[in-house]
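S.K.: below are the sequence and a predicted model; questions follow.
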Amino acid sequence: MKSQGIAVGLFLLASASASGGIADKVIRSSIDGVDLIASPTAVKDVVTIVGSMPAGDAFAGSGNLAVPTLTAMMLDKGTTTSDKFAIAQRLESVGARISFSASEQTLDIQAKCLRKDAPAIVHLIIEQLRTPAFSPAEFEKARLQLTGAIRRSLDDTDTRADIAFSRAIFPAGHPNRKAAAEDVLAAVEHATLADVKAFHAKYYGPAHLTLAMVGDLELKPVQAQLRKDLAGWHGGVPALSAPPATPPAAAVTQPINMPDKTSVSVILGQASGLRYSDTDALALRVGAAILGSGFTGRLMHVVRDREGLTYGIYSGVSDDTFTDGDWLVGASFAPELLDKGVASTKREVERWWREGITQEELTARKTDLIGVYKVSLATTGGLAGTLLRTVQRGKPLSWLDDYPKAVDALTVDQVNAAIRRHLKPDNMVLIQAGTLPKGK
Amino acid sequence: MASETKLAAGLQYWIKCKELQVKLNSKISLALVAGMLGSWTACGAPVTSPGYSYVKSLGGIDEYRLDSNGLDVLLVENHSAPVTTFMVTYRVGSRNEVIGTTGSTHLLEHMMFKGSTNFNDAKGNSVKQYLESVGGAYNANTWLDRTTYFAEVGNEFLEGYMAVEADRMRNLLLREDDRRPEMTVVRNEFEIGENDPVRALDKEIFASAYEAHPYHHSTIGWRSDIEKVPIEKLRAFYDTFYWPDNSTVSVIGDFKPETALALVKKYYGSYSRAPNAIPVVYTEEPAQTGPRRVEVRRAGQLGVVGISYKSPAASDANMPALQVLGSILASGKTSRFYRALTDKNLTTEVSADPGFFHDPSLFQIYAYLAPGVGHEQVEKVLREELARVVKDGVTDAEVSTAVQKISADLAYSRDGTLAVAGTLVEWIAAGDWTLYSTYPESIRKVTAADVNRVAAKYLTETQSTTGWFVPVVTP
């Protein structure tokens, strides 16, 4: 990618409208295949780095389900030149942090450091990505850690509901479909270090690695360090694609009974069939926000404030960065209020779908979304995350300035049409995880 | 594996941005509880503003007091983005509750969103409606020592938010018709907390460690109190504690001091001081004379061992050394517990943090057992490591690494006006906001001798409460 950077300077929201856009303050450069997106800001001494590489759990394909996560876990367990304690000492002695984790599509990178240490931290990130030690002893520890983490997650009603929902709406082979916890536990048992090494060799590389850096940043030393560290490294693959998932032919209810739980996690939703970059995607997002964002969203206003049935209920669109995603309502209900809560939720969803949103609601939510967006860019973490998501979604950096305009341009008809075109209220998936009332 | 589930992430977003969150005793880590001001504007000479007395300045924060009613005002300037956080902190938390009213501080916090005389849903200008119409990131939360309401808004909306916030200080509607549905909302919040066996264990550790002092009960309160506390008691709570001279307002971000002070006076200046003296919590926890133990048995997968030691108040001079001790024990791969437990496949994670509260609190250690490992084994290693640190002390190198880590965390904690607010509030609650400015230097001055002294002083068996979560595997 060509460098699109222009102005280097302080990131000031005020100046975004007065003297050029947000994107004008961003410097984008391609360094040996790595997409480096940087934005120096006025914050003192802090640099936030976020990044991603397509090497997440979905890349397990028909192979061992645990291998992508195990590979990510091996990255901070030492490199071919430093053991894990030496690396930890390098980081901790300057108060820096680096962490790696695997999500569905990507290996995710998060780091924070002080200004003076930015080149050294970038160097260490590449060292860890490129030359992990893959020590057999550390691999055995990682397997045990992962087993513990999965087993602990089995106690969590939200996690159980989330996995079940993903498996109910996305077909086998879809990158967004999560593996069943029991299957991953079995996979951890059988995973080998050879599997992990092979996965690393096949998928890790600079070609689709994106790094976003924001803060008290001196960019030239970072770029120079990257050029040095990336020399001779090749490989990397694009994110996976898949045909859009379709809603089920009829409504589906799936109970997950868990003992000793005092609150039930509920998800009601379906596959949206839309990617973020698709026409209608933004309209559906804004429609979902009117239904279930904040206290003034319909769901909180009615199901929580008026009826007192839940502590929290929201609606949103997600998982649509690389492929089509989903739309859902998430909520919690006491077991004895579960039936009432679900009935109220369904009633509001159906009313939203059937009657649509109003001009007044759209006008209010537009200012909310645009305001929240602008406020979110005032921290290094908020801006770095937005930069990364923008390019992951296949949007140009100009989207940073175009997003508020696009939200503002939406009409009631567009939002209502998107809701009705892409959602089927009679074919929703309902997941309920917790200690369920008898008969569930 | 995604580190955060979709449902959790969604709720988390919702909690962070829009919710009235209650923080339970110790699961909210305050490892980064202080912040340096660094790039934050060092306020110059204090401004003169009619009706105010200038109190003091330190580390970029200026303190004023509104003469008419004693309202404390903190100004923290930062002009890096055109946003400002306005925060009101009432010096009332669950420590001010007694049997029968546990959870009332938090329930009242929820009721504060049910409308005030001039700003409410019926008028279409409630705090929720206003802030969501201007894109404000807002929240409120209650903890042991304080209740806080805040929003980060674009500068042009500061006055609008201040007007709404000020109205509910003294003009809350507080209706029984609103309490009834809100009670079940708060009860569901309690139920969500009870879903997590480790939170349940934490409650039991506090309840055992404190017999007399109100830190005995968690901020969410006991279920029966949440359900049955009458509106009259909530009204009495409101009329006792929600006064200008029992609160601090903080303005953080891109504003002019003269303008901010004038706005605060405009919207808060009409209120009188509290008609009666604010009640003082005088109950002191009696000396603990022996180790205590609790056990929670519930359905679950993997066990947890927790050990808590009585520790000093946040403002105590030993607190920086205790935080360094916690870091040496459990922060990162170079820490002692990581090497002795996690790296040896006995645990998946261990934490060690002092509580930062107004009154003496707990230094808490939690060890999450790895599959197939017994509680006894992990507790034995924990105790061996604790005995070793008491007997042999720590090294200069360990202290240096810990100080560096904590100092960097302090710098990270000033990234944005909301982050500053979230840190500053805990020092306000602790009773001395100036510690926000001086704490980083106190951390840098910690020596190995300091750490050794506090380890010997506080890590004593007689002052400990040990808790196990024992998972019950159901067929």
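M.R.: It's in.
S.K.: return the distance of A:Ile267 relative to chain B.
M.R.: 6 Å (C-beta to the nearest C-beta, to the nearest Å). Every residue, glycine included, has its C-beta placed from N, CA and C.
S.K.: skipping its backbone neighbours, what lies nearest the residue of the stretch 301-450 of chain B at minimum distance from chain A in space?
M.R.: Of all residues in the stretch 301-450 of chain B, B:Ala408 sits closest to chain A, at 2.2 Å by C-beta to the nearest C-beta. Leaving out its chain neighbours, the residue that sits closest to B:Ala408 by C-beta to C-beta, 6 or more residues apart in numbering or on different chains is A:Gly95, at 2.2 Å.
S.K.: near chain A, anything from stretch B:376-388?
M.R.: No: judged by C-beta under 8 Å from any C-beta of the partner chain, stretch B:376-388 stays clear of chain A, getting no closer than 12.5 Å.
S.K.: quick check: buried residues in that stretch?
M.R.: Using 16 or more other C-beta atoms under 10 Å in any protein chain shown as the test for burial, stretch B:376-388 gives B:378-379, B:381-382, B:385-386.
S.K.: pull the residues that contact it.
M.R.: Outside stretch B:376-388, the residues that touch it by C-beta atoms under 8 Å, 6 or more residues apart in numbering or on different chains are B:305, B:307, B:329, B:336-337, B:340-341, B:346-347, B:350, B:365, B:367, B:369, B:459, B:466, B:468.
S.K.: now it: average pLDDT?
M.R.: Looking at stretch B:376-388 alone, the average pLDDT works out to 98.
S.K.: put the alpha carbons of that stretch into PDB.
M.R.: What follows is stretch B:376-388 as a C-alpha-only set of coordinates in PDB (Å, rounded to 0.1, in the frame of the first residue of the first chain):
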ATOM      1  CA  GLU B 376      -4.100 -27.600  49.800                       C
ATOM      2  CA  GLN B 377      -1.200 -27.700  47.400                       C
ATOM      3  CA  VAL B 378      -1.800 -24.200  46.100                       C
ATOM      4  CA  GLU B 379      -2.400 -22.700  49.500                       C
ATOM      5  CA  LYS B 380       0.800 -24.400  50.800                       C
ATOM      6  CA  VAL B 381       2.900 -22.800  48.000                       C
ATOM      7  CA  LEU B 382       1.200 -19.400  48.500                       C
ATOM      8  CA  ARG B 383       2.100 -19.500  52.200                       C
ATOM      9  CA  GLU B 384       5.600 -20.700  51.600                       C
ATOM     10  CA  GLU B 385       6.200 -17.800  49.200                       C
ATOM     11  CA  LEU B 386       4.600 -15.300  51.600                       C
ATOM     12  CA  ALA B 387       6.700 -16.600  54.500                       C
ATOM     13  CA  ARG B 388       9.800 -16.300  52.200                       C
END
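S.K.: which helix or which strand is home to whichever residue of chain A sits closest to chain B?
M.R.: Using C-beta to the nearest C-beta, the closest approach of chain A to chain B is made by A:Gly371 at 1.2 Å. Using DSSP states H and E, the element containing A:Gly371 is helix A:359-376.
S.K.: for that helix, the distance to its chain's centre please.
M.R.: Centre-to-centre, helix A:359-376 and its host chain are 22 Å apart (C-alpha atoms, centre = their mean, to the nearest Å).
S.K.: equivalent analysis for stretch A:194-205, please.
M.R.: On C-alpha atoms, centre = their mean, the centre of stretch A:194-205 falls 23 Å from the chain's centre.
S.K.: again, but for stretch B:48-63
M.R.: On C-alpha atoms, centre = their mean, the centre of stretch B:48-63 falls 25 Å from that of its chain.
S.K.: do stretch A:250-262 as well
M.R.: Counting by C-alpha atoms, centre = their mean, stretch A:250-262 comes out at 25 Å from the chain centroid.
S.K.: which residues are contacting that stretch?
M.R.: A:155, A:157, A:160-161, A:164, A:168, A:334-335, A:426-436, A:440, B:190-192, B:194-195, B:197, B:298-300, B:472, B:474.
S.K.: for ChimeraX, what selects the buried ones among the residues you listed?
M.R.: Here is the ChimeraX command that picks out the buried ones among those, judged by 16+ other C-beta under 10 Å:
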select /A:155,157,160,161,164,168,334,335,428,429,430,431,432,433,434,435,436 /B:190,191,192,194,195,197,298,300
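S.K.: just the ones of the contacts of stretch A:250-262 in helices?
M.R.: If you go by DSSP state H, the contacts of stretch A:250-262 have A:157, A:160-161, A:164, A:168, B:190-192, B:194, B:197 in helices.
S.K.: need the worst-confidence member of those.
M.R.: Ranking those by pLDDT puts B:Pro197 at the bottom, with 89.
S.K.: where do the helices sit along the stretch 1-150 of chain A?
M.R.: A:13-18, A:67-74, A:84-92, A:118-130, A:136-153 (DSSP state H, counting those that start in this stretch).
S.K.: tell me the helices and strands packed up against the second one.
M.R.: Helix A:67-74 sits against strand A:97-102, strand A:107-114, helix A:136-153, helix A:193-203, with contacts defined as 3 or more C-beta pairs under 8 Å, 6 or more residues apart in numbering or on different chains; DSSP states H and E.
S.K.: just put the ones you listed in TSV and tack on mean neighbour count and mean pLDDT.
M.R.: Listed next are the helices and strands packed on helix A:67-74 as TSV, based on neighbours: other C-beta atoms under 10 Å in any protein chain shown; pLDDT from 0 to 100:
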stretch	mean neighbour count	mean pLDDT
strand A:97-102	19	97
strand A:107-114	23	96
helix A:136-153	19	96
helix A:193-203	17	98
